[in-house]
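>>> Structure for the following, please:
(one chain, ligands or ions: 1)
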Amino acid sequence: MNILNTNYDLLPGSYLFSTIAKKIKEYQGTHENADIIRLGIGDVTSPIIPAVIEAMHKAVNEMGVKWTFRGYGPEQGYDFLREAIIRGEYTSRGIDIDPDDVFVSDGSKCDVANIQELFSADAKIAIPDPVYPVYLDSNVMAGRAGTLQADGHFSEVTYLASTAENNFQPDLPKNPVQLIYLCSPNNPTGTVLSRETLQKFVDYANETGAIILFDGAYNCYIRDENLPHSIYEIPGARTCAIEFRSFSKTAGFTGVRCAYTIVPHELGKLRSMWNRRQCTKFNGVSYVTQRAAEAIYTPEGWEQTKAVISGYMETATMIRKELSSCGYTVFGGEHAPYIWWKLPDGEKSFDFFDRLLATCEVVGTPGSGFGPCGEGYFRLTAFGDHEQTKVALQRIKERL
Ligand SMILES: *Cc1c(COP(=O)(O)O)cnc(C)c1O
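Residues are numbered from 1 along each chain as shown. Reported below is the predicted structural model:
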């Protein structure tokens, strides 16, 4: 008897970033004086803002005093943070969310990976292509994706192609699905789903009984106030959509760990199932971390947070501008820290990775790692040091 979950055997090779790390290591092994600039990182680099650090110090001190010490907190998060999130993120955009519908967690990666266990094993899923790999992989592990075909698609998954041809606004699924993942602003394309596109998906979900799993990890990077920041800006979304948000990219919490998921009470049983799931398998985010997250929403915290994001977006603007001036076609980078570079002459994205490393000693991420439709594209991020990024762009201009 095989006691292991054989669905794990269906997962595609090694994780994208470990493949890349291996290639870089090999290059360094043969080029002693390599001066590699990394524009592939999907991690923030700016330090935590002072307002947050101050709140953390204060909370740490409270933990050392008998009267203010805290042990286990509520699994759903402390009220002070749930209410700060609603005020700072939703009320401010005219969206009414009940504090009981906010579930604080230690990361959106776990939330988007865990949510699928609320659904039946034969529920059919649709995922954007290309997209953050966690949605697909978590469903492969659960046995919901079928098997990997020669063309790079899983047999039971509906792919929502998002390419330059459809302006990164995917069509509705062609065959019936019960779960629809959406990510806007999208990682890796850096593009935003329009109000019309979201309305189309919400209407489809309400008509068919499907559930939308909306990942808004980059909502704070949206510069245009008229673009939808939350799925709940779309009429009808409360009866069909769950929203995931994270402080990771918003406030440099990739190492601190704090996020939240909104499951509106209009979703009925799903909300109580998520509550039950979290109460059984999760024991809450540390008090210090939740005080840290709360401080983002103070006036100083918000100003400082916006300043860091503006810094990354200046880098994004520079990347866009420089690559465009070299005659390349680029997408994203206007409302997200990602630039999606269309490779000329149909070059394969992994071949381009090798060429860029060899000629410019610049590292990015091959688009095909995010789904079959990512082939022929390359992701650069604006999270790197501004001056270093400038040097990288100069090299691209001169040597590529
Ligand atoms: C970075 C990222 C997240 C956030 O993950 P955390 O676990 O909160 O750090 C979620 N979704 C996408 C698309 C991301 O790129």
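>>> Let me see the contact set for Thr250.
If you count contacts by Cβ atoms under 8 Å, 6 or more residues apart in numbering, Thr250 has them with Asn219, Cys220, Ile296, Thr305, Ile309. Yep, even glycine has a C-beta here, placed from its N, CA and C like the rest.
>>> roughly how far is the longest helix seen in the chain from the heart of the chain?
Using DSSP state H, we find that the single longest helix of the chain is helix 299-325. Offset of helix 299-325 from its chain centre (Cα atoms, centre = their mean, to the nearest Å): 18 Å.
>>> Give me the helices and strands touching that helix, please.
In terms of contact count using 3 or more Cβ pairs under 8 Å, 6 or more residues apart in numbering; DSSP states H and E, helix 299-325 is assigned the packing partners helix 50-63, helix 247-251, strand 329-332, strand 338-342, helix 386-399.
>>> Figure out which of these is closest to the ligand.
For the ligand, the closest of these is helix 247-251, at 3.4 Å, according to Cβ to the nearest ligand atom.
>>> Briefly note if that closest one comes near the ligand.
Yes - in terms of Cβ under 6 Å from any ligand atom, part of helix 247-251 sits within range of the ligand, namely Ser248, Lys249.
>>> what are the C-alpha coordinates of the following helix or strand past that helix, in PDB please?
Taking DSSP states H and E as the definition, the helix or strand that follows helix 247-251 towards the C-terminus is strand 259-262. Output in PDB follows, covering the C-alpha atoms of strand 259-262 (Å, rounded to 0.1, in the frame of the first residue of the first chain):
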ATOM      1  CA  ALA A 259      -2.500  39.200   5.700                       C
ATOM      2  CA  TYR A 260      -6.300  39.000   5.700                       C
ATOM      3  CA  THR A 261      -9.100  37.300   3.900                       C
ATOM      4  CA  ILE A 262     -12.700  38.600   3.500                       C
END
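>>> quick check: mean pLDDT across strand 259-262?
Throughout strand 259-262, pLDDT has a mean value of 98.
>>> Run through the bridge partners of Thr158.
Per DSSP bridges, the residues bridged to Thr158 are Ala126.
>>> List the contacts of the one helix or strand Cys110 maps to.
For Cys110, the enclosing helix or strand under DSSP H and E is helix 108-114. By Cβ under 8 Å, 6+ apart, the residues outside helix 108-114 that reach it are 103, 105, 132, 134-135, 137-138, 181, 213, 215, 217, 244-246, 248, 259, 261, 277, 281.
>>> Confirm for me that Tyr338 is in contact with Phe383.
No - when contacts are counted by Cβ atoms under 8 Å, Tyr338 is not listed as touching Phe383 (9.1 Å).
>>> Which of these two has more residues huddled nearby?
Set side by side, Tyr338 and Phe383 give different neighbour counts by other Cβ atoms under 10 Å, the larger being at Tyr338 (27 against 23).
>>> Quick one, grab the pLDDT at the nearest residue to that one once chain neighbours are set aside.
Closest residue in space to Tyr338, ignoring its immediate chain neighbours: Gly190 at 3.5 Å, by Cβ to Cβ, 6 or more residues apart in numbering. Per-residue confidence for Gly190 comes out at a pLDDT of 98.
>>> any chance you could map the helices in this protein?
16-30, 50-63, 79-85, 108-114, 134-141, 195-208, 247-251, 269-281, 287-294, 299-325, 349-360, 386-399.
>>> tell me, which of those helices is the model least confident about?
Here the lowest mean pLDDT among the helices of the chain goes to helix 16-30, at a mean of 89.
>>> tell me, what residue is most central in the chain?
For the chain, the residue whose C-alpha lies nearest the mean C-alpha position (Cα atoms, centre = their mean) is Ala217; its distance is 4.6 Å.
>>> and the residue nearest to Phe168 when sequence neighbours are not counted, what does it touch?
Nearest in space to Phe168, with sequence neighbours left out and distances taken as Cβ to Cβ, 6+ apart, is Thr191 at 3.8 Å. Under the criterion of Cβ under 8 Å, 6+ apart, the contact partners of Thr191 comprise Ser162, Phe168, Ser184, Pro185, Phe331, Gly332, His335, Ala336, Trp340.
>>> Pipe these into a markdown table and attach pLDDT, distance to Asp35 and neighbour count per row.
Formatted as a markdown table, the entries for the contacts of Thr191 read as follows, by pLDDT from 0 to 100; distance: Cβ to Cβ, whole Å; neighbours: other Cβ atoms under 10 Å:
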| residue | pLDDT | distance to Asp35 | neighbour count |
| --- | --- | --- | --- |
| Ser162 | 97 | 35 | 27 |
| Phe168 | 98 | 34 | 23 |
| Ser184 | 98 | 36 | 28 |
| Pro185 | 98 | 31 | 27 |
| Phe331 | 98 | 29 | 21 |
| Gly332 | 98 | 27 | 26 |
| His335 | 98 | 32 | 23 |
| Ala336 | 98 | 28 | 30 |
| Trp340 | 98 | 26 | 27 |
